[in-house]
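A.B. asks: build me a model:
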Amino acid sequence: MTKNASLADQWATRFANLLGGEERRGEPDYRGSGPLVGDAIEVLTPLEMAAADAWAVENGTSGLVLMERAGLAVAEAARRMVPIGARISVMTGPGNNGGDGFVAARILPEAGYLVSVG
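C.D. replies: All right, here's what the predicted structure looks like:
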């Protein structure tokens, strides 16, 4: 990534890296084996993530879409860790990531997991 790249290009590159190094078009299929989180090469700090969220919202992505994408990434990470049919407990709370957990808890049963929310 060059210093002359626009902020949008810099974030696009960072998120593409988090998705496995290639851009994904359309809705990701959480039942597939695509590289959603397992091949991530970069982790954002809480301040960087807050800035990324703010940038995305300012540029037209709704908070609901961000939450859906985060929940999908959590579900994909869980899918990579345990076999289909396993029991998964999703712990949620009142913080900023509670909704992400509820999204993951909604998606995982559709992929064949037994899910409880706490």
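A.B. asks: the longest helix seen in the chain: what's the following helix or strand?
C.D. replies: Ordering each helix of the chain by length in residues (DSSP state H) puts helix 63-81 first. Per DSSP states H and E, helix 63-81 leads on to strand 87-90 as the next helix or strand towards the C-terminus.
A.B. asks: now that following strand: buried residues?
C.D. replies: Buried residues in strand 87-90, defined by neighbour count with 16 or more other C-beta atoms under 10 Å: 88, 90. Placement of C-beta: from N, CA and C, glycine included.
A.B. asks: that strand pairs with which strands?
C.D. replies: The pairing partners recorded for strand 87-90 under DSSP bridges are strand 114-117 (parallel).
A.B. asks: wait, what's in contact with the nearest residue to residue 78 once chain neighbours are set aside?
C.D. replies: Using C-beta to C-beta, 6 or more residues apart in numbering and skipping residues adjacent in sequence, the residue nearest residue 78 is residue 88, 5.6 Å away. For residue 88, the contacting residues are 78, 82, 108, 113, 114, 115, 116, by C-beta atoms under 8 Å, 6 or more residues apart in numbering.
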